[in-house]
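J.: structure for the following, please:
(one chain, ligands or ions: 1)
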Amino acid sequence: MRYPHLPKLVRHACHLRFAAALLLLISWHTSALAQAPAGQKPDQAAIASAHYLATEVGHEILAAGGNAFDAAVAVSAALAVVEPASSGVGGGGFWLLHRASDDMQVFVDGRETAPAAATADMYLDAQGEVNRDLAVNGPLAAGIPGHIAGIAHIAENYGALPLARSLQPAIRLATQGFPVDEKYHTMMRYRADVIRRWPAATAALLVDGEVPEIGTLIRLPDLAATLQRVAADGPTAFYSGDFARQLVQGVRAAGGIWTLADLAAYRIKERAPISLQYQGYRIVTAPPPSSGGVALAEILNIIEPYNIADMERSRQVHLLVEAMRRAYRDRGIYLGDPDFVDMPIRQLTSRDYAAGLRASIRLDRATDSEALAGFADSPKGMDTTHFSVLDAAGNMVAATLTVNLPYGSAFMAPGTGFLLNNEMDDFSAKPGAPNAFGLLGYTANAIEPGKRMLSSMTPSFVFRSDRQAALGTPGGSRIITMVLLGILDMIAGNEPESWVSLPRFHHQYQPDVISIEPDAFSPELIEQLEAMGHSVEARDSTWGNMHGVLWKHDGNAVSAGSDPRWPSGRAVVR
Ligand code: DON
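T.: Just a heads-up that it's a prediction; the model follows:
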């Protein structure tokens, strides 16, 4: 049981539809990757996101002369309004950008940072135990948000339209209102008790103190005003001045530790993506402070010599699971914020290192995780959102944004209109020991002032000379294995509808089980895997919410897919 102390609905929610690293090298940008024949353009655009209103907003901005980056700004802002359970301007995220004109890829890191007054033991009680309530509920759980800084940076440096134009649709949605959908309702049923602790959050997101029914119109005038301020005066209107004072005052009055200096000091980071070759494809994906790209590189390097596509299913699953097991062990031991921790990225993502790991895999037998030394990590977080954009010029964005748990910390500072994240829980609250979630802690991801908490979010691109794709998903630590399965399906020649619908399985070193979606494996396959020494645990609900786009250069075919697990998602090619 991965979340033993959480109510059943929460556990459901968790699983519900839920290089050589260029990191260290000279430039922040990777380039000279396989790309479309010079001058070729898709002529159509594709957007897939977790909410139909956000997908429409993205197309509206493209129709107004925006490029994929403007559309990403608009979709990010719209999701912050219509999907407050999953992301928001009180949270953060990662935007992976591909610019077609010069084949440039860059990773915009808008991850939250720990406030300056944060300490490694800030969630421990007098007995040294982690206080889970403080770690996830209320303003002490919130990192300094990166969402507004991220979209403002993208608009200014990569967009064709002013930030104010791309924010307009989100301001309209917040002003005019949007209907409560299944996700809003389901997640709110789980978080409403905590939301009710904070009057501003209660007034904004509940109706007469109750969870609103599906279809109820929600208007967020304070959020509209916050976005309007940013539209008028840029991101400094959020990170300093009167608004910042109001925000910090609200946080501190409710027991938080933010200061004006924390907000003023927040900076996004442009980072070189992790870039690797796999069977003739180039995969461009998330570097630290995400663990996703390093883990993906390890897994793909381990499995590359096997022709897994042609293997019998039980052998294929076995090898993937053994590769996942080893990659997640390394995630737990080594990874954290690159600005704070020295990490052997070049080693972890090298083919030689993968060859050593491969040599320890038996083809007929599961490895016992305990036989591999090291710390462990397990799924965290239950809400987040991903969207993918391709524009008519071939630019792409893959963005994964989050407030961590559904509705983040549930805290809203009076007059601001948005919830703060509880991303501080992605840190290890107690290094070297299991925390209340059953997570084992580790030093690389210990809390330090100004540090970014380790993430699993893995927005990714896949390129070959004749095609290019963007994909990603929420799902805590399961994100990495979902993106892996999606990439392998794309490489097998399948369309986005297939990547996003695939039955999912996952292994993360500890707990030492293959976790599967309901009915993902046949009884025969489970028997075969158990005979090899694996434990298979079928969950009672699905997980993830994947959204992908694909452009096949031959025949100029554009397609998109939206995860069928949640009904509000929408993929539109236009
Ligand atoms: O950054 C992370 O890895 C987590 N905060 C993401 C949480 C998440 O994906 C939950 N989704 N269902």
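J.: okay, CA-based contacts and neighbour counts for the rest of this
T.: Will do.
J.: and the closest residue to Asp368 other than its chain neighbours, how far from Ser428?
T.: Using C-alpha to C-alpha, 6 or more residues apart in numbering and skipping residues adjacent in sequence, the residue nearest Asp368 is Asp512, 7.4 Å away. From Asp512 over to Ser428 the distance is 20 Å, taken as C-alpha to C-alpha, to the nearest Å.
J.: and what of Gly332?
T.: In terms of C-alpha to C-alpha, Gly332 sits 10 Å off from Ser428.
J.: Met396 contacts Ser101, correct?
T.: No: the pair Met396 / Ser101 is not scored as a contact, 11.4 Å apart, by C-alpha atoms under 8 Å.
J.: looking at Asp512 and Ser428, which one has more neighbours?
T.: The neighbour count for Asp512 versus Ser428, taken as other C-alpha atoms under 10 Å, is higher for Ser428 (25 against 17).
J.: more crowded one of Met396 and Ser101?
T.: Between Met396 and Ser101, counting by other C-alpha under 10 Å, Met396 is the more crowded of the two (30 against 12).
J.: bridge partners for that one, pull those for me.
T.: His98, Leu390 (DSSP bridges).
J.: so Met324 sits in a helix?
T.: Yes: assessed by DSSP: H, G, I helix; E, B strand; the rest coil, Met324 belongs to a helix.
J.: who are the contact partners of it?
T.: Met324 sits next to Ala295, Ile299, Thr481, His506, His507, Gln508, Tyr509 when contact means C-alpha atoms under 8 Å, 6 or more residues apart in numbering.
J.: please report how far the third one lies from the ligand.
T.: When C-alpha to the nearest ligand atom, to the nearest Å is applied, the distance between Thr481 and the ligand equals 12 Å.
J.: where does the stretch 101-250 of the chain dip in pLDDT?
T.: Within the stretch 101-250 of the chain, no stretch has pLDDT under 70.
J.: which stretches of it form helices?
T.: Per DSSP state H, counting those that start in this stretch, the stretch 101-250 of the chain carries helices over the ranges 132-136, 147-158, 163-176, 182-195, 199-205, 221-233, 236-239, 241-253.
J.: could I get the buried residue list for the last one?
T.: It refers to helix 241-253. By neighbour count with 16 or more other C-alpha atoms under 10 Å, helix 241-253 contains the buried residues Phe243, Ala244, Arg245, Gln246, Leu247, Val248, Gln249, Gly250, Val251.
J.: count residues in the vicinity of Ile361, would you?
T.: 17.
J.: show the backbone phi and psi for it.
T.: Note on Ile361: backbone dihedrals following degrees, to the nearest 10 are phi -100, psi 130.
J.: sorry, back to before: out of the contacts of Met324, which are buried?
T.: Buried, going by 16+ other C-alpha under 10 Å: Ala295, Ile299, Thr481, His506, His507, Gln508, Tyr509, out of these.
J.: give me the pLDDT value at the fourth one.
T.: By that I understand His506. With respect to pLDDT, His506 scores 96.
J.: mind listing what it touches?
T.: Val321, Met324, Arg478, Thr481, Met482, Ile514, Ser515, Ile516.
J.: in the stretch 151-300 of the chain, which residue sits closest to the ligand?
T.: The ligand sits closest to Ser290 of the stretch 151-300 of the chain, with a gap of 7.3 Å, by C-alpha to the nearest ligand atom.
J.: which residues touch the closest residue to that residue other than its chain neighbours?
T.: Nearest non-adjacent residue to Ser290, counting by C-alpha to C-alpha, 6+ apart: Ser455, 4.4 Å away. Neighbour list for Ser455: Pro288, Pro289, Ser290, Ser291, Gly292, Asp426 [criterion: C-alpha under 8 Å, 6+ apart].
J.: the most centrally placed residue in the chain in helix, strand or coil?
T.: Geometric centre of the chain, nearest residue: Met457, 3.3 Å, by C-alpha atoms, centre = their mean. Put simply, Met457 is coil when judged by three-state DSSP.
J.: equivalent analysis for the one 5 residues further on, please.
T.: When the structure is split into helix, strand and coil by three-state DSSP, Val462 lands in strand.
J.: partners of it in the sheet?
T.: Residues in a beta bridge with Val462, per DSSP bridges, are Ile283, Ala469.
J.: OK, contacts around it?
T.: Residues near Val462 by C-alpha under 8 Å, 6+ apart: Tyr281, Arg282, Ile283, Val284, Gln468, Ala469, Ala470, Ile487.
J.: need the contact list for the residue lying closest to Met453 once chain neighbours are set aside.
T.: The shortest distance from Met453 to any non-neighbouring residue, by C-alpha to C-alpha, 6+ apart, is to Phe427 (5.0 Å). The contact partners of Phe427, by C-alpha under 8 Å, 6+ apart, come to Asn445, Ala446, Ile447, Met453, Leu454.
J.: and what of Tyr334?
T.: Tyr334 sits next to Met343, Pro344, Ala444 when contact means C-alpha under 8 Å, 6+ apart.
J.: neighbour-wise, give me the winner out of those.
T.: Within these, neighbour counts (other C-alpha under 10 Å) peak at Ala444, which reaches 23 neighbours.
J.: helix/strand/coil for that residue?
T.: helix.
J.: I figured it was touching Ile333, is that so?
T.: Yes: using C-alpha under 8 Å, Ala444 is in contact with Ile333, at 7.3 Å.
J.: picking up where we left off before, ok, now which ones touch the residue of the stretch 151-300 of the chain closest to the ligand?
T.: By C-alpha under 8 Å, 6+ apart, Ser290 lies in contact with Gly336, Leu454, Ser455, Ser456, Met457, Thr458.
J.: among the residues you listed, which are in reach of the ligand?
T.: Ser455, Ser456, Met457 (C-alpha under 6 Å from any ligand atom).
J.: any chance of a markdown table for those, columns pLDDT and distance to Gly91?
T.: What follows is the ones next to the ligand among the contacts of Ser290, written out as a markdown table (pLDDT from 0 to 100; distance: C-alpha to C-alpha, whole Å):
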| residue | pLDDT | distance to Gly91 |
| --- | --- | --- |
| Ser455 | 93 | 13 |
| Ser456 | 94 | 15 |
| Met457 | 96 | 13 |
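J.: out of those, who's nearest Ala50?
T.: Ala50 lies nearest to Met457 out of these, by C-alpha to C-alpha, at 15.4 Å.
J.: tell me the phi and psi of that closest one?
T.: Taking degrees, to the nearest 10, you get phi -60, psi 130 for the backbone angles of Met457.
J.: that one reaches Thr481, doesn't it?
T.: No: with contact defined as C-alpha under 8 Å, Met457 does not reach Thr481; the gap is 10.9 Å.
J.: ends of stretch 468-484, what's the gap?
T.: Stretch 468-484 has an end-to-end distance of 16 Å (C-alpha to C-alpha).
J.: okay, and the common contacts of Met396 and Ser101?
T.: Common neighbours of Met396 and Ser101 (C-alpha under 8 Å, 6+ apart) do not exist.
J.: isn't Val230 right up against Tyr239?
T.: No: counting by C-alpha under 8 Å, Val230 does not reach Tyr239; the two are 9.7 Å apart.
J.: what's next to stretch 216-235, contact-wise?
T.: Identification of contacts with stretch 216-235 by C-alpha under 8 Å, 6+ apart yields 81, 148-149, 152, 163-165, 167-168, 170-180, 204-205, 236-238, 415-418.
J.: can you say which of those are buried?
T.: Listed as buried from the contacts of stretch 216-235 are 81, 148-149, 152, 163-165, 167-168, 170-175, 177-178, 180, 204-205, 236-238, 415-418; burial here means 16+ other C-alpha under 10 Å.
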